[in-house]
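Trainee: From the sequence below, what's the structure:
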Amino acid sequence: MTPVRMAPRTVRRAAACVLVTMLVLTGCGPGGFSGLYNAPLPGGADVGDHPYRVTVEFADVLDLVPQATVKVNDVQVGRVERVRLAEDTRSALVDIVVNGDVELPANADAELRQTSLLGEKFVDLRPPADAEPTGRLSDGDHIPLARTSRHAELEEVFGALSLLLSGGGVEQLHTIASELNTALRGNEAEIKALLSRVNHLVTELDGHKAQITEAIDGLAELSRTLVAEKRHLTEGLDHLAPGIRVVANQRDQIVDMLTALRRLSRVTVDTVGKTREQLVANLRALEPTLRKLAESGDNLTEALKILPTYPLPWNAGNTMKGDYANVDVEFDLNLDQLIGNLSRSGQSPIPQLPSPQRNDGPPLPLPETPQLPQLPALPGVDGSADSDGTGSLLGSLLGGS
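Mentor: This next block holds a predicted model:
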């Protein structure tokens with residue numbers, strides 16, 4: 001075979017091609033592909049001159065790759081630098097770099113989303129939805145697993161749909177529909193009325209929503225009180241058993257008592273029914289007396305003090321000292337009233353002399369009227385006799401010895 005001679009320039013070109021091929025193959029080998037994988041791509045978000053880096057923890061990053069986009073309100077603000085496995089091997093850590101001009105709260109949330117149904121993955125940052133924003137996200141911060149989430153994958157949706165259609169309850173839908181048609185056929189009016197009542201009931205419940213909520217809150221408070229008094233309730237229930245046993249042992253006596261009480265109630269009702277008119281009349285007659293008693297007020301109670309000592313005054317017991325009594329008596333004699341009473345009575349204190357009898361013979365001489373002795377006057381009373389001698393007589397009767 002005749003050897004082929006190559007020009008020096010051709011040899012150099014061939015050597016260059018072999019070298020490039022070896023470099024490419026070396027980059028695809030173990031440990032070499034990562035360098036090409038992490039090679040910066042043209043375009044992407046502008047992170048500025050002073051970006052900050054944040055670590056985001058996800059339960060599953062799906063097929064998120066480095067150089068993926070980081071967005072805030074659908075605006076590119078950064079990129080993914082690295083995706084790595086956490087130390088506990090239960091989650092993934094995603095290192096992202098964000099433009100330094102983007103301000104986010106320190107408790108920001110992160111979500112793994114897709115640009116479209118079959119589009120690429122990106123990390124979406126947003127303020128928390130269930131808490132107040134606090135602080136500011138800065139370089140070196142960490143967004144924990146509790147504040148991260150991801151959307152469902154299209155494969156997961158189709159897988160769940162396939163499970164439902166193949167091994168789920170779709171096969172029984174025809175049977176369920178047929179049974180419902182059989183049950184409702186001929187009962188349309190009743191079903192319609194039932195639905196109307198249900199609608200009315202739901203409307204009423206919605207109108208009393210506040211009261212229902214208050215009732216539930218009250219039940220909750222009662223439940224808390226019962227839980228707090230659990231020990232006392234337990235003791236009460238433990239001590240209630242002996243009482244129940246006593247009641248059970250005396251059941252016959254209790255039944256007899258209730259039976260007698262029922263007979264008494266029947267007799268009482270019958271008696272009241274027959275004497276209703278008399279009872280009403282007696283109550284009406286008693287009304288003035290009760291009214292006067294009410295009007296007397298405290299006077300009645302004061303008057304009842306003399307009841308135990310009647311007819312003596314209430315303080316008569318103070319005079320009895322055993323076998324003797326000390327009594328102080330005061331007489332108040334008003335002479336003006338006594339004289340007035342005697343003068344108005346029409347009776348003279350001086351006895352009338354009998355008149356002489358007349359006959360046919362000569363008149364008998366009248367006996368001389370004896371002269372009454374002058375009696376001493378009462379102290380404070382004029383000693384001169386009145387025209388009818390009343391003052392002198394009273395003076396002798398009341399003022400004499």
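Trainee: From here on, just use CA atoms for contacts and neighbour counts.
Mentor: Fine.
Trainee: Next secondary structure after the helix or strand harbouring residue 240?
Mentor: Taking DSSP states H and E as the criterion, residue 240 maps to helix 230-249. Next in sequence after helix 230-249, counting helices and strands by DSSP H and E, comes helix 251-274.
Trainee: Sketch out the strands for this structure, chain order is fine.
Mentor: Here the chain has its strands, by DSSP state E, at 52-58, 69-72, 75-85, 92-98, 109-114, 121-126, 142-143, 148-150.
Trainee: Can you say which of these is nearest to residue 284?
Mentor: strand 109-114 (85.7 Å; C-alpha to C-alpha).
Trainee: Spit out the contact partners of residue 235.
Mentor: Neighbour list for residue 235: empty [criterion: C-alpha atoms under 8 Å, 6 or more residues apart in numbering].
Trainee: how near is it to residue 248?
Mentor: From residue 235 across to residue 248, the span is 21 Å (C-alpha to C-alpha, to the nearest Å).
Trainee: can you state the direction angle for the helix holding residue 240 and helix 251-274?
Mentor: In terms of direction (axes from the mean of the first three to the mean of the last three C-alpha atoms, to 10 degrees), helix 230-249 departs from helix 251-274 by 80 degrees.
Trainee: export helix 230-249 as PDB, just CAs?
Mentor: What follows is helix 230-249, C-alpha atoms only, in PDB (Å, rounded to 0.1, in the frame of the first residue of the first chain):
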ATOM      1  CA  LYS A 230     -64.300  18.300  86.200                       C
ATOM      2  CA  ARG A 231     -63.100  17.300  89.700                       C
ATOM      3  CA  HIS A 232     -66.100  18.700  91.500                       C
ATOM      4  CA  LEU A 233     -68.500  17.200  89.000                       C
ATOM      5  CA  THR A 234     -66.900  13.800  89.500                       C
ATOM      6  CA  GLU A 235     -67.200  14.100  93.200                       C
ATOM      7  CA  GLY A 236     -70.800  15.200  92.800                       C
ATOM      8  CA  LEU A 237     -71.600  12.200  90.600                       C
ATOM      9  CA  ASP A 238     -69.900   9.900  93.000                       C
ATOM     10  CA  HIS A 239     -71.900  11.100  95.900                       C
ATOM     11  CA  LEU A 240     -75.100  11.100  93.900                       C
ATOM     12  CA  ALA A 241     -75.200   7.300  93.600                       C
ATOM     13  CA  PRO A 242     -76.100   6.800  97.300                       C
ATOM     14  CA  GLY A 243     -78.900   9.300  97.000                       C
ATOM     15  CA  ILE A 244     -80.300   7.600  94.000                       C
ATOM     16  CA  ARG A 245     -80.200   4.200  95.800                       C
ATOM     17  CA  VAL A 246     -82.200   5.700  98.700                       C
ATOM     18  CA  VAL A 247     -84.800   7.100  96.200                       C
ATOM     19  CA  ALA A 248     -85.000   3.800  94.500                       C
ATOM     20  CA  ASN A 249     -85.500   2.000  97.800                       C
END
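Trainee: now it: mean pLDDT?
Mentor: In this model, helix 230-249 carries a mean pLDDT of 87.
Trainee: for stretch 253-269, same thing?
Mentor: Averaged across stretch 253-269, pLDDT comes to 92.
Trainee: ok, now stretch 107-121?
Mentor: The average pLDDT for stretch 107-121 rounds to 87.
Trainee: Tell me how many other residues surround residue 205.
Mentor: Look at residue 205: counted by other C-alpha atoms under 10 Å, it has 13 neighbours.
Trainee: Next, the contact list for it, please.
Mentor: By C-alpha under 8 Å, 6+ apart, the contact list for residue 205 reads residue 212.
Trainee: Compare the strands of the chain and give me the one nearest residue 288.
Mentor: Across these, closest to residue 288 is strand 109-114 (C-alpha to C-alpha), at 87.0 Å.
Trainee: Show me what the closest one packs onto, helices and strands only.
Mentor: strand 121-126, strand 148-150 (3 or more C-alpha pairs under 8 Å, 6 or more residues apart in numbering; DSSP states H and E).
Trainee: Rebuild the ones you listed as JSON lines, extending it with mean neighbour count and distance to residue 270.
Mentor: Below are the helices and strands packed on strand 109-114 laid out as JSON lines (neighbours: other C-alpha atoms under 10 Å; distance: least, C-alpha to C-alpha, whole Å):
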{"stretch": "strand 121-126", "mean neighbour count": "21", "distance to residue 270": "85"}
{"stretch": "strand 148-150", "mean neighbour count": "18", "distance to residue 270": "82"}
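Trainee: For the protein, which residues score under the pLDDT cut-off?
Mentor: Residue ranges of the chain with pLDDT under 70: 1-44, 167-171, 311-329, 331, 345-401.
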